[in-house]
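[1] quick one, fold the following:
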Amino acid sequence: MKTRLLFYITLLCSFAIILGEYFLGYSIFSYDYIPLGWDTAIHMSKAISIRQDFLTTLLAEDFINILYPLLMSPFAFDRYFLYLYETFIPPIILISLAFVCSKFEGLQSHLGRTIFYLAFPSWLIVYRFLADLHPALLGTTLSMLTVNELIKSFSQGELVKHKTKIMMLITLSSMAHIETADFFLLSLVAALILIGQKKLFLKNFQLFLPLIIMNLLYIYHLSKLWALAAEGDIQEVFLLNIIGLFFAMATLVIFYHFLKKKSLSCLRIEYAWLLAMGLLMSLIFFMSVRFVRFYPYLERAILTFPLPLMVGMITEKLVVKKLSRKIGIAILFITIALLLSGVIAADYSKIHLKTWIAKESYYSIIKAKSYNQSARVIFLFYDEDKYAGGLATLYDSWITILYGKHYSYLGTLQNLIEGKETKFQTIFSKEISKKFYLNLLENSIIEKIRRCDENINIVIIRSFYKSSNEFNCDVSEGELCLNKLPNICHQYMNKSMD
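    Reported below is the predicted structural model:
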């Protein structure tokens, strides 16, 4: 009875830390009921696109990471329903993730699960999950559920039962977030090979066909992005490189230890799974040193590695056994340490738990709608190279939510008037710039711009366009600057004559 009471107190404390920080951020930063997070706007705009043109959007996205916005799309008839969905559904999924993780085979006692819940608030990705990585949150939950089901069957050394159920889970995991599904499920395959159970995998190979199909679609999807930006720079975080190197070295040392003692085959599959995740992370780290395209996968691997599970398992199997005579003191020390680390992690992560569009910009987009009843509208974005792509995606998403159908251009106003693409060096900025430009080109908008078509309006939200070049506005209200294309053309013709 006391153990169960301690467990529920632990559970309450853990979620009080996480959800307390989340709703505190909402109470401070939200206005007009908008949800927290950067990518949140992207998910909502994608849900709107799915609702408006279901098949075209799915094909355009190649079904990659589409499950979360697909589930949201029935609510996309009104932006406030989207706000409500994006505010309350992520915490529900996060609680489900914690519950699913607590059922992991490696946690074999009440104590292990208690320690897991204590460690859960110190898992930094939890706060990014809540803030805006909602497809990844759903994908992690489904992938973890799939891993649990497979380990239960594989640990018994038999063919997997309920194959239809497993294949459905793998399909949903892959559609929710393919990168997470790959990290979790391919690590499980590698774990079977490590412990000498390759035949067990081959006997159940057909279960992984949905994952293989989704990866083929993913490669095709990435190939289109590579065509947009084959080369370029990427932002690196020094601390992340250090953590990646530490993880790689630690994993390789542990792997060498088991290899030297020839005891890999003695590992339980759940421990082999964690080791395989570490080895896969090590591979991604060394690949990212040579190929910049791998760097985002390193970040995702480090953040999604299930540290709370590992802490629970290590505490359960090693620490408690060695300190069995002083078990009460040990548990008290571990509890206090984990709760403190959870509070520190929550306080650090509040940088993510805020809104990412200024109130003035938000309401300027809404104002723009009243000035553009019939003309085709192009919203213009420009910023420092390393930020331009991410910011343009954020701005474009909010415009989809608040304004509706429109065109976008990432680059300078002069290049747009000349019908040219603005060049960037950072990979993501190059991709987004090219994507917007090709959309204008394919819809004959570039041709109309070159002709100075009178039915095209250029809209600039001043905080979205960071340029020193001055220009006049036909309509200027707050951050809103609206120009009819012929007037812009006339301004530039006069400048060229001067």
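[2] where does the nearest residue to residue 177 once chain neighbours are set aside land in three-state SS?
    Closest residue to residue 177 apart from its sequence neighbours, by C-beta to C-beta, 6 or more residues apart in numbering: residue 139 at 2.6 Å. (C-beta placed from N, C-alpha, C; glycine too.) Residue 139 falls in the helix class when you classify it by DSSP: H, G, I helix; E, B strand; the rest coil.
[3] is it true that residue 139 touches residue 65?
    Yes: contact criterion C-beta atoms under 8 Å: residue 139 and residue 65 qualify, at 7.5 Å.
[4] spit out the residues that contact those two alike.
    176, 177, 178 (C-beta atoms under 8 Å, 6 or more residues apart in numbering).
[5] residues near the residue lying closest to the first one once chain neighbours are set aside, how many?
    Using C-beta to C-beta, 6+ apart and skipping residues adjacent in sequence, the residue nearest residue 176 is residue 139, 3.7 Å away. Using other C-beta atoms under 10 Å, the number of residues around residue 139 comes to 28.
[6] and the pLDDT for residue 260?
    Residue 260 carries a pLDDT value of 81.
[7] quick one: the strands in this protein?
    Under the criterion DSSP state E, strands of the chain are mapped to 376-381, 407-410, 456-461, 475-477, 480-484.
[8] residue 189: which of those strands is closest?
    Set against residue 189 and scored by C-beta to C-beta, the strands of the chain come closest in strand 407-410, at 39.9 Å.
[9] direction included, what does that closest one pair up with?
    strand 376-381 (parallel) (DSSP bridges).
[10] give me the mean pLDDT for the strand it pairs with.
    Rounded mean pLDDT across strand 376-381 is 94.
[11] how far is stretch 280-290 from where the chain is centred?
    Stretch 280-290 has its C-alpha centroid displaced from the chain centroid by 20 Å (C-alpha atoms, centre = their mean, to the nearest Å).
[12] using CSV, write down the CA coordinates of that stretch.
    C-alpha atoms of stretch 280-290 as CSV (Å, rounded to 0.1, in the frame of the first residue of the first chain):
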residue,chain,number,x,y,z
LEU,A,280,23.0,3.7,-34.3
MET,A,281,23.5,7.1,-32.7
SER,A,282,27.3,6.6,-32.9
LEU,A,283,27.0,5.9,-36.6
ILE,A,284,24.9,9.0,-37.2
PHE,A,285,27.4,11.1,-35.3
PHE,A,286,30.4,10.0,-37.4
MET,A,287,28.3,10.3,-40.6
SER,A,288,27.3,13.9,-39.6
VAL,A,289,31.0,14.8,-39.3
ARG,A,290,31.4,14.1,-43.0
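[13] pull out the buried positions in that stretch.
    Within stretch 280-290, the residues scored as buried using 16 or more other C-beta atoms under 10 Å are 280, 281, 282, 283, 284, 285, 288.
[14] also stretch 31-38?
    Neighbour counts over stretch 31-38 (16+ other C-beta under 10 Å) mark 34, 35, 36, 37, 38 as buried.
[15] on that earlier part again, got the buried residues of stretch 280-290 as a markdown table, with distance to residue 430 columns?
    Below are these laid out as a markdown table (distance: C-beta to C-beta, whole Å):
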| residue | distance to residue 430 |
| --- | --- |
| 280 | 28 |
| 281 | 28 |
| 282 | 29 |
| 283 | 27 |
| 284 | 23 |
| 285 | 25 |
| 288 | 19 |
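[16] check these and tell me the two furthest apart.
    Pairwise distances across those peak at 12.6 Å for 280 and 288 (criterion: C-beta to C-beta).
[17] and the lengthiest helix in the chain, what does it pack onto?
    Counting residues, the longest helix in the chain under DSSP state H turns out to be helix 2-29. Judged by 3 or more C-beta pairs under 8 Å, 6 or more residues apart in numbering; DSSP states H and E, helix 2-29 is in contact with helix 79-102, helix 110-119, helix 125-131, helix 327-348.
[18] tell me how far it lies from the chain's centre.
    23 Å.
[19] then stretch 483-496?
    Here stretch 483-496 is found 41 Å from its chain centre; the criterion is C-alpha atoms, centre = their mean.
[20] since we're on residue 154, how many residues are nearby?
    Using other C-beta under 10 Å, residue 154 has 24 neighbouring residues.
[21] pretty sure it is touching residue 192, no?
    Yes: using C-beta under 8 Å, residue 154 is in contact with residue 192, at 6.6 Å.
[22] overlap of the contact sets of those two?
    200, 269.
[23] the residue nearest to residue 421 when sequence neighbours are not counted: what's it in contact with?
    Nearest residue to residue 421, sequence neighbours excluded (C-beta to C-beta, 6+ apart): residue 437, at 4.5 Å. Neighbouring residues of residue 437 by C-beta under 8 Å, 6+ apart: 409, 410, 411, 421, 446.
[24] again, only using 10 Å
    Shown in contact with residue 437 (C-beta atoms under 10 Å, 6 or more residues apart in numbering): 228, 408-411, 415-416, 419-422, 445-446.
[25] one more: residue 42?
    Contacts of residue 42 by C-beta under 10 Å, 6+ apart are 69, 132, 134, 135, 393, 394, 396, 397, 398, 400, 401.
[26] helices and strands of this structure: which one bottoms out on pLDDT?
    helix 320-322 (a mean of 59; mean pLDDT, DSSP states H and E).
[27] pLDDT below threshold where in the stretch 101-250 of the chain?
    The model of the stretch 101-250 of the chain has pLDDT under 70 over residues 157-160, 229-231.
[28] now do the helices in the stretch 201-350 of the chain.
    Secondary structure of the stretch 201-350 of the chain (DSSP state H, counting those that start in this stretch): helices at 209-228, 238-260, 269-290, 295-304, 307-314, 320-322, 327-348.
[29] I'd like to know which of those is closest to residue 5.
    Of all the helices of the stretch 201-350 of the chain, helix 327-348 comes closest under C-beta to C-beta, at 13.7 Å.
[30] that's all I had, so thanks and see you.
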